[in-house]
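A.B. asks: Build me a model:
(chains A and B)
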Amino acid sequence: SQQGEEDPQALSIQEGENATMNCSYKTSINNLQWYRQNSGRGLVHLILIRSNEREKHSGRLRVTLDTSKKSSSLLITASRAADTASYFCATDAFNTDKLIFGTGTRLQVFP
Amino acid sequence: GAGVSQSPSNKVTEKGKDVELRCDPISGHTALYWYRQSLGQGLEFLIYFQGNSAPDKSGLPSDRFSAERTGGSVSTLTIQRTQQEDSAVYLCASNRFGLTDTQYFGPGTRLTVL
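C.D. replies: Residues are numbered from 1 along each chain as shown, chains lettered A, B, ... in the order given. Now for the predicted structure:
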């Protein structure tokens, strides 16, 4: 079964608005990563946050991690049409050799 | 430098046939991963190689699936006696340091089993 669940499943916004996506997971982790996927093909890494970090920024991206709630959020500020894609969180749980992906959020940004 | 490459990009096969999917990781990356993504779904972890060995094969869906890696580089994922439920995009990724490191993905192979 999948480790991560993301919400919303789909999100539609206008250019310039902020987009927030949430990820919840089930077990203790070493780190959590966010990836972006265009058109159902290869994924592109966006940001990695370690279990001892609470917030991280990269350009227009802001990621938070709350290990007590086993949840993370990805905020994209001032969205652009080019941000349209599916976004996935991924976690590596302790004592496993697996990276488990969430179900993904499909983001549509309208110009 | 070159990224992760996969071949073929698309494969259409008949039910019952065997298929072989190939992944060329980024040079120097010791860790290699295979995932499966069904239409509109998240990624399903299949197997992870560190060098030529796979510590955990439990993600492979059935004994029709096998994977190998030789020379610490190229990997092949073989599906025997394909079934329609095997239809999916098969994604490969690699990195230097394993699960705590960013993964670099290939473009995937879209497999369609008729």
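
A.B. asks: Number of residues surrounding residue 73?
C.D. replies: Using chain A here. Residues within reach of A:S73, counting by other Cβ atoms under 10 Å in any protein chain shown, total 16. Glycine gets a C-beta too; all of them are placed from N, C-alpha and C.

A.B. asks: wrong one, chain B
C.D. replies: B:S73 is surrounded by 18 other residues when neighbours are defined as other Cβ under 10 Å.

A.B. asks: quick one, phi psi at the nearest residue to it once chain neighbours are set aside?
C.D. replies: Excluding its sequence neighbours, the residue lying closest to B:S73 (Cβ to Cβ, 6 or more residues apart in numbering or on different chains) is B:P25, at 6.5 Å. B:P25 adopts backbone torsions of phi -80, psi 170, taken as degrees, to the nearest 10.

A.B. asks: low-scoring stretches of the chain, by residue?
C.D. replies: Picked chain A for this. Scanning chain A for pLDDT under 70 picks out the ranges A:1-4, A:40, A:94-95, A:97.

A.B. asks: not what I meant, chain B
C.D. replies: Using pLDDT under 70, chain B drops low at B:1.

A.B. asks: Would you agree B:G51 is in contact with B:P25?
C.D. replies: No - using Cβ atoms under 8 Å as the test, B:G51 is too far from B:P25 to be in contact (11.4 Å).

A.B. asks: So between these two, which is more surrounded?
C.D. replies: Counting neighbours by other Cβ under 10 Å for B:G51 and for B:P25 shows that B:P25 has the greater number, 27 against 12.

A.B. asks: Tell me the spacing between that one and A:N31.
C.D. replies: Distance of B:P25 to A:N31, computed by Cβ to Cβ, to the nearest Å: 21 Å.

A.B. asks: which residues touch the residue nearest to B:S73?
C.D. replies: B:P25 is in contact with B:V4, B:L32, B:S73, B:V74, B:S75, B:C92, B:S94, counting by Cβ atoms under 8 Å, 6 or more residues apart in numbering or on different chains.

A.B. asks: Find the nearest non-adjacent residue to the first one, please.
C.D. replies: If you skip the residues right next to it in sequence, B:V4 has B:G106 as its closest partner in space, 3.7 Å away by Cβ to Cβ, 6+ apart.
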